[in-house]
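Asks: The amino acid sequence is not available; the structure is as follows:
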């Protein structure tokens, strides 16, 4: 039977009944045992007036060790854990503490010491959001969404922008890491989509953006970020390292955002997208549906936003790169091809998160999707076959040992055709045929149609023949009528038309 404390009312009832009944009967009527009745006969003090004295029922296992061996360590550094102190005790007194039997006792003692004598702890002060005052940005990993592009796993980050008051959000797909370029490009897009500028923009420490950078590079990024927020008239703030709650509006929204995307993917029926652009459209539609629920709050907040500046500002990294005799230029150890006419020229390359754009003066001359370095140390080549096909046609044998040969093929069908040509033809003929195929795709602008014909030949076991394929691609000649009768309306009909309209 579970123990229940005796109340004053029970004792008073017992004292009344004992006058007319036996001790057993009076105790039963009061609801306690005869033993308890004898205790109250000896001392009739009411329970509420008794002083409770608690005593140890077992000896303290830490007596003689707590104050001498453990307390000085805790006072020196309160971060020590109970299990660390236990191992320390076992090292000093192996016979007294042969096992972990006192671990729970030690944990309670340490917890009690921290509560009574430990250092002051930080307090989270909850804030009332002000409309138009603060926006927060963060990068979050999206690998758990298991998104695929053309059947291949797509590793990426999501840039997340949130207005603290209205919870309006903007999301961008980031192909690289947490860089200044990714932050500036997506933040700028968020501000123009919002239609105004908040007073303060807060991020976390962005430690990933500064990793492996020299002190000069860190200072350069800091200056560029300060110039960026200055262009929009925002104050920049960062939360303290390790204090995620200081960026809590966007941190909490990260989880809800990814859950919403996951649910939308389930409704879609597939996690696979044909292109990155299709996936970006999917993200935009998902975020737009979420923002519809915040229309009233956003309208109220827009009244407190600063106006946008007249123009956008720089949201890319600019690098000057010379075009070498190898037909391209190096950007962050990645080789990008360029038209041969640009050899010897110095290009201003704008480096974005997902693309690069190269300018000669003020003219855009080259654009590529941005690539990232491989983990095995081999150099990555991004080649547009249109840039090199004329030179390659003059030197077709250079294809065989070219270091960027595998990056030259515009589609997988061309790479499969090259494997067959390599296998079934002599080296000289294989190179010439492959170069002729690439030239046909370039000259007749039929890259996709030619790829379908290559697949048909490979499936039929035929070695691709450029001449035969070119004949199948030749446009059909249609006979045009020699005499075309054109009826000219009379001028009177125009007068009638003008009169009717008047």
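Replies: Good, I have the coordinates. Keep in mind it's a predicted model, so treat the numbers as computed, not measured.

Asks: any weak-confidence spans in the chain?
Replies: In the predicted model of the chain, residues 1-3, 124-125, 127, 205-218, 239-248, 474-479, 500-502 satisfy pLDDT under 70.

Asks: Mind doing that once more with 50?
Replies: Scanning the chain for pLDDT under 50 picks out 1, 208-209, 245.

Asks: okay, now the domains of it?
Replies: With domains defined by automatic domain parsing, the chain comprises 8-49, 66-117, 134-302, 317-379, 385-473.

Asks: now the end-to-end length of the fourth one.
Replies: Yep, that's domain 317-379 we're talking about. Using Cα to Cα, to the nearest Å, one end of domain 317-379 lies 21 Å from the other.

Asks: Would you confirm that residue 355 contacts residue 368?
Replies: Yes: between residue 355 and residue 368 a contact is recorded at 6.7 Å, counting by Cβ atoms under 8 Å. Placement of C-beta: from N, CA and C, glycine included.

Asks: When these two are compared, which one has more neighbours?
Replies: The residue with more neighbours, out of residue 355 and residue 368, is residue 368; 19 against 13, by other Cβ atoms under 10 Å.

Asks: So what pairs up with that one in the strands?
Replies: Beta-bridge pairing of residue 368 under DSSP bridges involves residue 356.

Asks: how close does it sit to residue 410?
Replies: Shown here: residue 368 relative to residue 410, a distance of 13 Å by Cβ to Cβ, to the nearest Å.

Asks: And residue 458, by the same measure?
Replies: 16 Å.

Asks: Looking at the two, which is more packed in?
Replies: Counted by other Cβ under 10 Å, residue 458 and residue 410 do not tie: residue 410 has more neighbours, with 19 against 16.

Asks: what's the distance between residue 342 and residue 328?
Replies: Distance, residue 342 to residue 328, using Cβ to Cβ: 9 Å.

Asks: Between the two, point out the one with more neighbours.
Replies: residue 328 (27 against 19).

Asks: Surely the more buried one touches residue 339?
Replies: No: if you go by Cβ under 8 Å, residue 328 and residue 339 don't touch, sitting 9.8 Å apart.

Asks: Now the common contact residues for these two.
Replies: Shared contacts of residue 328 and residue 339 (Cβ atoms under 8 Å, 6 or more residues apart in numbering): residue 387.

Asks: Residue 140 reaches residue 160, doesn't it?
Replies: Yes: Residue 140 is within contact range of residue 160, at 6.0 Å (criterion: Cβ under 8 Å).

Asks: Mutual contacts of the two, please.
Replies: Going by Cβ under 8 Å, 6+ apart, residues that sit against residue 140 and also against residue 160 are 254, 257.

Asks: Roughly how far does residue 257 sit from residue 187?
Replies: Separation of residue 257 from residue 187 (Cβ to Cβ): 17 Å.

Asks: With residue 128 instead?
Replies: Residue 128 is 25 Å from residue 187, where distance means Cβ to Cβ.

Asks: before we move on, what about residue 92?
Replies: 56 Å.

Asks: do the same with residue 113
Replies: 47 Å.

Asks: out of those two, which sits in the busier spot?
Replies: Ranked by neighbour count (other Cβ under 10 Å), residue 113 and residue 187 place residue 187 first, with 24 against 16.

Asks: The more buried one reaches residue 201, doesn't it?
Replies: Yes: Residue 187 is within contact range of residue 201, at 7.3 Å (criterion: Cβ under 8 Å).

Asks: Could you name every residue contacting both of these two?
Replies: Shared contacts of residue 187 and residue 201 (Cβ under 8 Å, 6+ apart): residue 137.

Asks: which residues in the stretch 251-400 of the chain form helices?
Replies: Secondary structure of the stretch 251-400 of the chain, counting by DSSP state H, counting those that start in this stretch: helices at 276-292, 295-302, 385-394.

Asks: SS state for residue 454?
Replies: Assigned state for residue 454: helix (three-state reduction, DSSP: H, G, I helix; E, B strand; the rest coil).

Asks: how close does the nearest residue to residue 366 once chain neighbours are set aside get to residue 312?
Replies: Leaving out its chain neighbours, the residue that sits closest to residue 366 by Cβ to Cβ, 6 or more residues apart in numbering is residue 358, at 4.0 Å. From residue 358 over to residue 312 the distance is 20 Å, taken as Cβ to Cβ.

Asks: Looking at these two, which one has more neighbours?
Replies: Shown here are residue 358 and residue 312; by other Cβ under 10 Å, residue 358 has more neighbours (24 against 13).

Asks: so that one touches residue 349, yeah?
Replies: Yes: Residue 358 is within contact range of residue 349, at 4.7 Å (criterion: Cβ under 8 Å).

Asks: Between those two, which contacts overlap?
Replies: Counting by Cβ under 8 Å, 6+ apart, the common neighbours of residue 358 and residue 349 are 321, 329.

Asks: first to last residue in stretch 16-26, what's the distance?
Replies: 8 Å.

Asks: residues making contact with that stretch?
Replies: 14, 29-30, 34, 37-38, 41.

Asks: which of the residues you listed lies closest to residue 490?
Replies: Ranked by distance to residue 490 (Cβ to Cβ), the contacts of stretch 16-26 are led by residue 30 at 124.6 Å.

Asks: To residue 333, which of the helices of the stretch 251-400 of the chain lies closest?
Replies: Among the helices of the stretch 251-400 of the chain, helix 385-394 comes nearest to residue 333, with 19.6 Å by Cβ to Cβ.

Asks: next one: that closest one to chain centre, how far?
Replies: Put simply, helix 385-394 sits 39 Å off its chain's centre (Cα atoms, centre = their mean, to the nearest Å).

Asks: packing partners for the very next helix or strand once past it?
Replies: Following helix 385-394 in sequence order, the next helix or strand is helix 405-408 (DSSP states H and E). Applying 3 or more Cβ pairs under 8 Å, 6 or more residues apart in numbering; DSSP states H and E, we find helix 405-408 packed against strand 380-382.

Asks: Kindly tell me how buried residue 22 is, as a neighbour count.
Replies: By other Cβ under 10 Å, neighbour count at residue 22 equals 12.

Asks: tell me the phi and psi of it?
Replies: Residue 22 adopts backbone torsions of phi -70, psi 170, taken as degrees, to the nearest 10.

Asks: quick one: it from residue 31, how far?
Replies: From residue 22 across to residue 31, the span is 16 Å (Cβ to Cβ).

Asks: and if you look at residue 331?
Replies: Note on residue 331: its distance to residue 31, by Cβ to Cβ, is 87 Å.

Asks: same deal with residue 461?
Replies: From residue 461 over to residue 31 the distance is 98 Å, taken as Cβ to Cβ.

Asks: between those two, which one's more packed in?
Replies: Neighbours per residue (other Cβ under 10 Å) separate residue 461 from residue 31, with residue 31 holding more: 14 against 7.

Asks: For the spatially closest residue to that one that is not a sequence neighbour, list the residues it contacts.
Replies: Using Cβ to Cβ, 6+ apart and skipping the chain neighbours, the partner closest in space to residue 31 is residue 10 (5.6 Å). For residue 10, the contact set (Cβ under 8 Å, 6+ apart) comprises 30-32.

Asks: Tell me the one among those residues nearest to residue 481.
Replies: Relative to residue 481, the closest of these is residue 31; by Cβ to Cβ it sits at 116.1 Å.

Asks: hey, where'd the strands end up in the stretch 351-500 of the chain?
Replies: Taking DSSP state E, counting those that start in this stretch to define them, one finds strands in the stretch 351-500 of the chain at 355-360, 363-369, 380-382.

Asks: Tell me which residues are up against the longest one.
Replies: Read that as strand 363-369. 336-339, 342, 347, 354-359, 382, 384.

Asks: Filter these down to the buried ones, ChimeraX style.
Replies: Burial among these is assessed by 16 or more other Cβ atoms under 10 Å; the matching ChimeraX selection reads:
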select :336,337,338,339,342,347,354,356,357,358,382,384
